[in-house]
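**Student:** I'd like to go over a predicted model; first the sequence, then the structure.
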Amino acid sequence: MLAFVFLIAQTAIAQEGMPIYSDYLTDNYYLIHPSMAGAANCAKIRVTGRQQWFGDDDAPSLLTANINGRIGESNSGIGAIFYSDKNGYHSQSGVYLTYAHHIMFSRTEVDLNMLSFGLSIGALQYKLDETAFIDEPFDPIIAGIEQSATDFNIDFGFSYFLYNFYAHATVKNMLKNDGVNSNENGLYVYDNPREFLLSAGNVFQKYGSEWSFEPSLMFMYKDGTKESSIDINGKAFKQMDFGVLWGGISYRRSLDGAEYQDGTEIASQNLQYVTPFLGINYDQFMFAYTYSYQANSVVYNNGGFHQLTLGFNFACKKERYHCNCPAVN
């Protein structure tokens, strides 16, 4: 029973704001870091669809769509994110609007040395569908209708690029969730959805080689529940005649264990995900597939988490930097 509660709690906590999975690794860093709006040479459109536990009714699912790009020839960028997240009888949808500014420290654009700041303002609507409960035994808390509430929040972050190296730091959901005090039906899990994200990586390539490799890390801390986790990622790129073929693997591990009853003993386990992914860039189009497997002894379902990402680059400019920096060039 304790293990089941642990699994449900992990899913519920992920629903406070847009869930953070591994989709940022599919050339989608703007989805979690507002400072990436307009950082690249191209304006970008990315659409993702994620489905968990195929075959289970009301299993969690997530749809996101985002667009970002530079404002003309300026050093500023703008972007927008739309998402819809469903988990059983709970669901939420939201929109974020972003402004970012990029400061060049190098004398010319040939050598990449750039600091970026980004601010996103979001409007989120939470829903709890209680219509399926009207035939259950009477409970004064159950209204038998679709409850909803709207909230606003802010994300702020910065990114730094130096040749092939990059680092990001973002605070998501900076504002407290006041709706928890006015809603008695559990639409909000807690009133502090603030999250801290730190990520860094570097691209390595031997001179003249068609291959390049990108190790990276991401650390995530949830202020409201004092939980933390780390992503360890490895990514490889292969230059092809038609574009770029790339793929890799990500390992996410929670740094906080949860106890559960194993027979007559109390055991502990940490949440773990293993996520291989594969993508292709063809001309101005991008396609990627991601599969996540929960590698725990006790799980709700042995089925995986499937995600597709479609992308389109437009308004592209000539590559400005002599670096192996796929997120920018």
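**Tutor:** Arrived safely.

**Student:** From here on, just use CA atoms for contacts and neighbour counts.
**Tutor:** Noted.

**Student:** what mean pLDDT does the longest strand seen in the chain have?
**Tutor:** Identified as the longest strand of the chain according to DSSP state E is strand 243-262. Averaging the model's pLDDT scores along strand 243-262 yields 85.

**Student:** What is it packed up against?
**Tutor:** If you count contacts as 3 or more Cα pairs under 8 Å, 6 or more residues apart in numbering; DSSP states H and E, strand 243-262 packs onto helix 2-14, strand 227-239, strand 265-282.

**Student:** Give me the below-cutoff pLDDT ranges for this protein.
**Tutor:** 1-16, 53-58, 132-145, 177-190, 258-264, 266-267, 296-303 (pLDDT under 70).

**Student:** 50 instead, please
**Tutor:** For the chain, the stretches flagged by pLDDT under 50 are 1-15, 179-189.

**Student:** mind saving the C-alpha coords of the longest strand of the chain as PDB?
**Tutor:** C-alpha atoms of strand 243-262 as PDB (Å, rounded to 0.1, in the frame of the first residue of the first chain):
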ATOM      1  CA  GLY A 243      20.800  16.000 -42.700                       C
ATOM      2  CA  VAL A 244      21.700  14.800 -39.100                       C
ATOM      3  CA  LEU A 245      20.900  11.500 -37.400                       C
ATOM      4  CA  TRP A 246      21.000  11.700 -33.600                       C
ATOM      5  CA  GLY A 247      20.100   9.700 -30.600                       C
ATOM      6  CA  GLY A 248      21.000   8.900 -27.000                       C
ATOM      7  CA  ILE A 249      19.900   7.800 -23.600                       C
ATOM      8  CA  SER A 250      18.900   9.500 -20.400                       C
ATOM      9  CA  TYR A 251      18.900   8.200 -16.900                       C
ATOM     10  CA  ARG A 252      16.800  10.000 -14.200                       C
ATOM     11  CA  ARG A 253      17.100   9.100 -10.600                       C
ATOM     12  CA  SER A 254      15.300  10.600  -7.600                       C
ATOM     13  CA  LEU A 255      17.600  11.500  -4.800                       C
ATOM     14  CA  ASP A 256      14.900  10.800  -2.200                       C
ATOM     15  CA  GLY A 257      13.800   7.300  -1.400                       C
ATOM     16  CA  ALA A 258      10.300   6.100  -0.600                       C
ATOM     17  CA  GLU A 259       9.500   3.300   1.800                       C
ATOM     18  CA  TYR A 260       7.200   0.400   1.100                       C
ATOM     19  CA  GLN A 261       6.300  -2.900   2.700                       C
ATOM     20  CA  ASP A 262       8.000  -5.900   1.300                       C
END
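
**Student:** Pairing partners for that strand, with directions?
**Tutor:** strand 227-239 (antiparallel), strand 265-282 (antiparallel) (DSSP bridges).

**Student:** Surely Q205 and W211 touch.
**Tutor:** Yes: contact criterion Cα atoms under 8 Å: Q205 and W211 qualify, at 6.5 Å.

**Student:** Off-centre distance for the helix or strand harbouring F312?
**Tutor:** Assigned by DSSP states H and E, F312 belongs to strand 305-314. Offset of strand 305-314 from its chain centre (Cα atoms, centre = their mean, to the nearest Å): 13 Å.

**Student:** again with stretch 71-81
**Tutor:** Distance, centroid of stretch 71-81 to centroid of chain: 21 Å (Cα atoms, centre = their mean).

**Student:** Next, the distance between the ends of it.
**Tutor:** Using Cα to Cα, to the nearest Å, one end of stretch 71-81 lies 17 Å from the other.

**Student:** how about that stretch: buried residues?
**Tutor:** Neighbour-count burial for stretch 71-81, counted by 16 or more other Cα atoms under 10 Å, picks out 76-81.

**Student:** got it, and stretch 265-279?
**Tutor:** So stretch 265-279, judged by 16+ other Cα under 10 Å, has buried residues 269-279.

**Student:** which SS class is M18?
**Tutor:** coil (DSSP: H, G, I helix; E, B strand; the rest coil).

**Student:** Can you name the residues that contact it?
**Tutor:** 83, 85 (Cα atoms under 8 Å, 6 or more residues apart in numbering).

**Student:** how close does it sit to D155?
**Tutor:** Plainly put, M18 is 11 Å away from D155 if you go by Cα to Cα.

**Student:** what do you get for Q147?
**Tutor:** 26 Å.

**Student:** Q92 too?
**Tutor:** 17 Å.

**Student:** quick one: the strands in the chain?
**Tutor:** Under DSSP E, the chain gives strands at 43-52, 61-70, 76-87, 90-104, 113-129, 146-162, 165-172, 195-202, 211-222, 227-239, 243-262, 265-282, 285-294, 305-314.

**Student:** returning to what we had before: quick one: which of Q147 and D155 has more around it?
**Tutor:** D155 (25 against 17; other Cα atoms under 10 Å).

**Student:** For the strands of the chain, could you give me a markdown table that also reports distance to Y321?
**Tutor:** Output for the strands of the chain, formatted as a markdown table (distance: least, Cα to Cα, whole Å):
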| stretch | distance to Y321 |
| --- | --- |
| strand 43-52 | 16 |
| strand 61-70 | 16 |
| strand 76-87 | 18 |
| strand 90-104 | 12 |
| strand 113-129 | 9 |
| strand 146-162 | 11 |
| strand 165-172 | 13 |
| strand 195-202 | 15 |
| strand 211-222 | 17 |
| strand 227-239 | 18 |
| strand 243-262 | 18 |
| strand 265-282 | 19 |
| strand 285-294 | 21 |
| strand 305-314 | 18 |
